[in-house]
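Only the shape, not the letters, is given here:
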C-alpha cells in the first residue's frame, strides 16, 4: 500500500474501533481500498478491534458522542460559496468552491478530508470569507468528475487512495495559482483537515514558494518531508487523543526547524482526530472554537 492508502485504511480501522462504523462496513471500505479479508481483519485487530469480530468495547467515557443538535460550527455565519472551474495541469479542468471576502485581508486554499469536497468544507471556506479571507476549496477528485459523481463516500475515499502524490501536488499548485489570480495582490495561505492536513504538509514539502502561511489540522506528515522550498509560517494543529497522527509530530517539528520556518505546533487537550468537523461524531465545539480563533490569529499575523 502507498502511504496515503495506509493512512486511509487506518482511518477506517480506527472508525470501527471507536464505534463509529460496524465491522461489516469497515471490511467493505477496506476492500474498496484494496485489502483482502485476511489483511483487513489483521489491520482491524492491530488497531484494537476484537479478533473474534465482536463489537468494539467502547465505554461511555471513551466512545465519541454524536454532536449535539444545538452545537454551532466554529466561526461566523459562512458567506455563500459558488462552484467554479479553472484550468488544471495537462489540459485538465479543476473544480472548486469559491467564497470572496467583502474586504479581503488575504486568501486561503482549503483542502478537504478523505470524503472529498463536502458541504462542511464549503462551509469552512465560507466562514473564512466571512472572517476576511477569500477562500478556494479545491476538489481533488476533479479529474474523476468531482466528488458529486460519487454516490458512495467510501468509493470517493478509495479513489483518493489511488491518486499519486505527484498529481495531488500538481492540482494543488494550480489551485494556488487560481487563488492568486482571484485575489490579486493578496498574501496566500492554506489549510486542510485530516487527509487535507496531510495534503497541506505535502504541498509544503513540494517547493511551493507562494504560500505565506499554512495551518494543517491533524494531518499525516509525508515520509522524508523537506520544507526548505517553502516560505510559509506554519501552525500545526493536533489533538491529544490522536496517537496515530501525533506519532509524526516530532518529525514535523524537526522538518520545520531545519527549514528555518516560523512555526508553532499546538495540541488541543481532551479531544480526538477530526474534532473540528461539526458534522462528525468526534466534534468538540469548545476546542473547535478555540482552534478557529488560533487560525485567525495566525492568518492575521502572516497574511493580513
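That came in fine, so what should we check first? Owing to the predicted nature of the structure, the values given are computational and were not obtained by experimental measurement.

mind listing the helices for this protein?
3-17, 23-32, 37-46, 119-130, 153-162, 165-182, 195-204, 243-246, 249-258, 285-302 (DSSP state H).

what angle do the third one and helix 23-32 make?
If I follow you right, that is helix 37-46. 120 degrees (axes from the mean of the first three to the mean of the last three Cα atoms, to 10 degrees).

pLDDT on helix 37-46, on average?
For helix 37-46, mean pLDDT rounds to 96.

go on, the second one?
Across helix 23-32, pLDDT averages out at 97.

Mind giving me the packing neighbours of that helix?
helix 3-17, helix 37-46, helix 153-162 (3 or more Cβ pairs under 8 Å, 6 or more residues apart in numbering; DSSP states H and E). Where C-beta positions appear, they are placed from N, C-alpha and C, glycine not excepted.

how far is that helix from where the chain is centred?
Centroid displacement of helix 23-32 relative to its chain, using Cα atoms, centre = their mean, to the nearest Å, is 22 Å.

can you pull the buried residues of that helix?
Neighbour counts over helix 23-32 (16 or more other Cβ atoms under 10 Å) mark 23, 26-27, 29-30, 32 as buried.

Check the third one too.
Residues of helix 37-46 classed as buried under the neighbour-count rule (16+ other Cβ under 10 Å) are 40-41, 43-44.

Also stretch 225-244?
Those would be 225, 227, 230, 232-239, 241-242, for stretch 225-244 by 16+ other Cβ under 10 Å.

ok, back up a step: need the winner for burial among the helices and strands packed on helix 23-32.
Comparing those by mean neighbour count (mean count of other Cβ atoms under 10 Å), helix 3-17 comes out on top with a mean of 21.

what does it contact?
For helix 3-17, the external contacting residues (Cβ atoms under 8 Å, 6 or more residues apart in numbering) are 1, 21-23, 25-26, 29-30, 33-35, 43-44, 46-49, 56, 114, 157-158, 160-163, 165, 194-195, 198, 220, 222-223, 244, 273.

next one: stretch 88-101
78-87, 117, 121-122, 125-126, 128-139, 142-143, 146, 170-171, 173-175, 178, 182.

Find the nearest non-adjacent residue to residue 221, please.
residue 248 (3.9 Å; Cβ to Cβ, 6 or more residues apart in numbering).

just checking, that neighbour touches residue 220?
Yes. Residue 248 lies in contact with residue 220 (Cβ atoms under 8 Å); the separation is 6.0 Å.

the more surrounded of these two?
The neighbour comparison of residue 248 against residue 220 (other Cβ atoms under 10 Å) goes to residue 220, with 25 against 20.

before we move on, the earlier item: going by neighbour count, which of the contacts of stretch 88-101 are buried?
78-79, 81, 86, 117, 121-122, 125-126, 128-139, 142-143, 146, 170-171, 173-175, 178, 182.

Show the pLDDT at residue 53.
Residue-level pLDDT assigned to residue 53 equals 65.

same check, this time on residue 255
pLDDT, residue 255: 98.

go on, residue 72?
pLDDT, read off for residue 72, is 89.

and the closest residue in space to it that isn't next to it in sequence, how many neighbours?
Nearest residue to residue 72, sequence neighbours excluded (Cβ to Cβ, 6+ apart): residue 285, at 6.7 Å. Residues near residue 285, counting by other Cβ under 10 Å, number 17.

With distance to residue 279 added, can I get the helices of the chain in CSV?
Converted to CSV, the helices of the chain look like this (distance: least, Cβ to Cβ, whole Å):
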stretch, distance to residue 279
helix 3-17, 14
helix 23-32, 18
helix 37-46, 25
helix 119-130, 5
helix 153-162, 12
helix 165-182, 23
helix 195-204, 15
helix 243-246, 20
helix 249-258, 26
helix 285-302, 12
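
how about those, which one is nearest residue 109?
Of all these, helix 165-182 sits nearest to residue 109, with 5.4 Å by Cβ to Cβ.

Can you tell me what sits against that closest one?
With Cβ under 8 Å, 6+ apart, helix 165-182 has contacts from 4, 86-90, 92, 94, 96, 98, 100, 107-109, 111, 134, 136, 138, 140, 142-143, 186, 188, 190, 199, 202-203, 206, 208, 210-211, 222.
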